[in-house]
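Novice: Need coordinates for the following:
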Amino acid sequence: MNLPYTLRLASAACLLPLAAGALAAAQAATPAAVDGARIVAADREPGNWMSHGRTYSEQRYSPLKRIDDRNVGQLGLAWTARLDIDRGIEATPIVVDGVMYTTGAKSIVHAFDARSGKPLWKFDPQVPGIRLSEGCCDVVNRGVAVWQGKVYVGAYDGRLIALDARDGRKLWETDTVVDHGRSYTITGAPRVVKGKVLIGNGGAEYGVRGYISAYDADSGKLAWRFYTVPGDPAQEKDDRAMEIARKTWHGSEYWKQGGGTVWDSMAYDPELDLLYIGTGNASWWNRKARSEGKGDNLFVSSIVALRPDSGDYVWHYQTTPGDMWDYTATQHIILAELPIAGQTRKVLMQAPKNGFFYVLDRASGELLSAEKYAPVNWATHVDMETGRPVVDEKAANYLEGPKVISPAFIGAHNWHPMSFNPQTGLVYIPMQESAGMLSAPADPQRIAHKSVVNLGVDVPDLPEDPAVVKQIAASFKGKLLAWNPVTQKAAWSQDYRTIYNGGTLSTAGNLVFQGTADGRVTAYAADSGKLLWEAPANTGVMAGPITYEVGGEQYVTFMAGWGGTFPLILGPLSQEAKVRPEARVLTYKLGGKATLPPPQQAPLAVPQPPALTATAEEVAAGRTLYNGFCGSCHGLNAISGGVLPDLRYLDAKKHAQFKDIVLMGARAAKGMPPFAGTVSEADAARIHQYLIKRAHDLRQETASAARP
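Specialist: Now for the predicted structure:
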């Protein structure tokens, strides 16, 4: 019988209870025995977490309720596992039939016994050190996908790798990168739909062209690729999507910039057979430099619906036409059914960086509503007739002069996943308030170095005065926001010390779980927002937690580890989090008795720096060079957020090696690229002198703080 795919899935789902014994035997014999039928019928086995958002709808809601709002205070640590590299941890674990599959920094895959935390196997894709600097936002990975006995991971250097779920043995790998002259990376988690592994890439800040690729799950053979922005018109024939997109770009060389990378969010509707992707910002941010200041520049900052069999375009909705502010639409996409205007609508929801919460009809892409969920000044509102934001040119157009714009480039909601609870009808958003100044240089120049971002804008330096920095940091506010998508209003919120708090999980036990940037794991009542439980995590927690069940006992897991954009680039502003990177898996259960070792918070001694020999003018030039070339990893003004080395603490040996490290690549194997040919010896010396000056500043600050 030749049934349509969706009917085959439904039929298979109906057979699950009837064949429970046979199914259990098959699962025991084949680890990660997941297919489309199991994911579609995930609510029939809520003890597993078989796909990135638990289901294809990506709601991150669990029907489990052994842990609820009455007993959650009894949660204790069941087990913890230390990961290899203390960098940003952003993975959502997958749990299937008692086995947890997850990732750490540098795309290292781990398999654990989900009940005890016993390590089962580990796979290190051995990403070359020189490639580790070619991404904007840390060497993070958001997790794996599983399908029919295989585990799939996207390696940071752009490889898609299939592993045997039994032992982590590599079965195949394929290179997803189309242009090795540009800085393509993978940080997102793959999804598997209809036997195809779906993965996108990052790198818009470096000028790459965005796309999503689909590979055969068995062989790794490329099935299709959908580009999100036009390529060289002399080299390729446009399909329907690129015919639409090319009309929205202007100039003779717009195609050299690119952007629109599909670096995170996806969702799938098996009934409509539609795959939804979110796309990122354009390369450069400066629209005048990339597209003569004109056009929507499709499909950047957009939600796009595709056919998963072919990659064919169906519809799109652009959240930020002609984006100039790094307002990506790669943030978490959720599918749900909502009562709107007296009828139940199949909707798609997103809270992208730009500060508006969108509800779309997911069959047609029709905008149903859009309202501000955070402070916004770049646009006054979204026009419901046109579906377009009404931009406040006076407030937001930095091409006419410097502007303080809200949200800042870090967004009102970044990659941290939100969740939807169908019982409360609320979406739980890791929201953040931020503002930042942007301006446009008269003649932006592209720097041809794979570790240097190209934005086409000037981001003013932060002041060095610690008191002023503290005041600016206080204006960056983090919240857990419970949002009603029907009324487009907040139901409740909880304030946090700073931004960049973790993703959320909601459950049928009337709970919302979230980790925090200041080193805690928490649980709130989903209906009221009351804090019901918290425990220390030793480090910032950014990833979205999960819950699962083994042997009749419910567990909650948080992946913990500080890193990513906020502490890397905005090191001076992230000091309020008061955490250091410590990569761990933290798993809790009712009555858990395991203990967490004390945090690694030993203060660093400040070495005696060399004498400062440069003039004030040379130091000022060194500051500009440092913030331009080094600040995106080691922190603006040489204040690290604790993830990568704080260069104010260089010892005598490192000072002596400074030229070899910066220009010649003496530490390339550890991820520090050589800058010879891009940075001159004289400029390297100016950067060095600036760091020496900042080391002396630090010693003075430390001495002043120590005085009674």
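
Novice: Of all residues in the protein, which one is nearest the centre?
Specialist: Central residue of the chain (C-alpha atoms, centre = their mean): residue 415, 3.6 Å from the mean position.

Novice: Excluding sequence neighbours, find me the nearest residue to that one.
Specialist: Excluding its sequence neighbours, the residue lying closest to residue 415 (C-beta to C-beta, 6 or more residues apart in numbering) is residue 264, at 5.4 Å. Every residue, glycine included, has its C-beta placed from N, CA and C.

Novice: and the closest residue to residue 85 other than its chain neighbours, what does it touch?
Specialist: Nearest residue to residue 85 in three dimensions, chain neighbours excluded: residue 105, at 4.1 Å (C-beta to C-beta, 6+ apart). Contact analysis of residue 105 by C-beta atoms under 8 Å, 6 or more residues apart in numbering lists 83-89, 138-141, 561, 563, 583.

Novice: Could you turn the buried ones of those into a PyMOL selection?
Specialist: With 16 or more other C-beta atoms under 10 Å as the criterion, this PyMOL line picks the buried residues out of those:
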select buried, resi 83+85+86+87+88+89+138+139+140+141+561+563+583
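
Novice: wait, which of the contacts of residue 105 is closest to residue 623?
Specialist: Proximity of the contacts of residue 105 to residue 623 (C-beta to C-beta) peaks at residue 138, which lies at 23.6 Å.

Novice: Could you pull up the residues touching the closest one?
Specialist: Per C-beta under 8 Å, 6+ apart, neighbours of residue 138: 87-88, 105, 563-565, 568, 643.

Novice: ok, residue 604 to residue 702 distance?
Specialist: Residue 604 sits 10 Å away from residue 702, taking C-beta to C-beta, to the nearest Å as the criterion.

Novice: same deal with residue 304?
Specialist: From residue 304 to residue 702 the distance is 51 Å (C-beta to C-beta).

Novice: okay, these two: which has more neighbours?
Specialist: residue 304 (25 against 12; other C-beta atoms under 10 Å).

Novice: tell me which element the residue nearest to the more buried one when sequence neighbours are not counted is part of?
Specialist: With C-beta to C-beta, 6+ apart as the criterion, residue 304 has its nearest non-adjacent residue at 4.6 Å, and that residue is residue 316. Following DSSP states H and E, one finds residue 316 within strand 313-318.

Novice: List the buried residues for that strand?
Specialist: 313-318.

Novice: cool, and stretch 429-440?
Specialist: Applying 16+ other C-beta under 10 Å to stretch 429-440 flags 429-434, 436, 438, 440 as buried.

Novice: ok, now stretch 145-153?
Specialist: Neighbour-count burial for stretch 145-153 [16+ other C-beta under 10 Å]: 145-147, 149-153.

Novice: Mind picking the two most distant members of the residues you listed?
Specialist: 149 and 153 (14.9 Å).

Novice: the helices in the stretch 1-150 of the chain, which residues?
Specialist: Applying DSSP state H, counting those that start in this stretch to the stretch 1-150 of the chain gives helices spanning 5-15, 20-29, 36-40.

Novice: And the last one, what does it pack against?
Specialist: Helix 36-40 makes packing contacts with helix 5-15 when contacts are defined by 3 or more C-beta pairs under 8 Å, 6 or more residues apart in numbering; DSSP states H and E.

Novice: in the chain, which ranges drop under the pLDDT threshold?
Specialist: 1-29, 601-602, 706-708 (pLDDT under 70).

Novice: residue contacts, the closest residue to residue 554 other than its chain neighbours?
Specialist: Take residue 554 and drop its neighbours on the chain: the residue closest to it by C-beta to C-beta, 6+ apart is residue 66, 4.1 Å away. Residue 66 makes contacts with 509, 549, 553-554, 590, as judged by C-beta under 8 Å, 6+ apart.

Novice: thinking again about what came up before, quick check: the residue nearest to residue 304 touching residue 301?
Specialist: No: using C-beta atoms under 8 Å, residue 316 is not in contact with residue 301, being 10.6 Å away.

Novice: coming back round to it: out of the contacts of residue 105, flag the one nearest to residue 575.
Specialist: residue 563 (14.9 Å).

Novice: Could you list everything residue 482 pairs with in the sheet?
Specialist: residue 428, residue 492 (DSSP bridges).

Novice: I'd assumed residue 528 was in contact with it.
Specialist: No: Residue 482 is not in contact with residue 528 according to C-beta under 8 Å; the separation is 9.0 Å.

Novice: More neighbours: which of the two?
Specialist: residue 482 (26 against 13).

Novice: Make sure the residue nearest to the centre of the chain is indeed in a helix.
Specialist: No: judged by DSSP: H, G, I helix; E, B strand; the rest coil, residue 415 forms no part of a helix; its state is coil.

Novice: what's near enough to touch it?
Specialist: Residue 415 neighbours (C-beta under 8 Å, 6+ apart): 90, 142, 264, 330-332.

Novice: Throw those into TSV and include neighbour count, thanks.
Specialist: TSV is the format used below for the contacts of residue 415 (neighbours: other C-beta atoms under 10 Å):
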residue	neighbour count
90	30
142	25
264	26
330	30
331	25
332	32
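
Novice: Tell me the one among these nearest to residue 98.
Specialist: Nearest member of the contacts of residue 415 to residue 98, counting by C-beta to C-beta, is residue 142, at 22.7 Å.

Novice: hang on, the earlier thing: reformat the contacts of residue 138 as TSV; add distance to residue 244.
Specialist: Listed next are the contacts of residue 138 as TSV, based on distance: C-beta to C-beta, whole Å:
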residue	distance to residue 244
87	39
88	36
105	38
563	38
564	34
565	31
568	36
643	40
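
Novice: What is the nearest of these to residue 192?
Specialist: residue 105 (23.5 Å).
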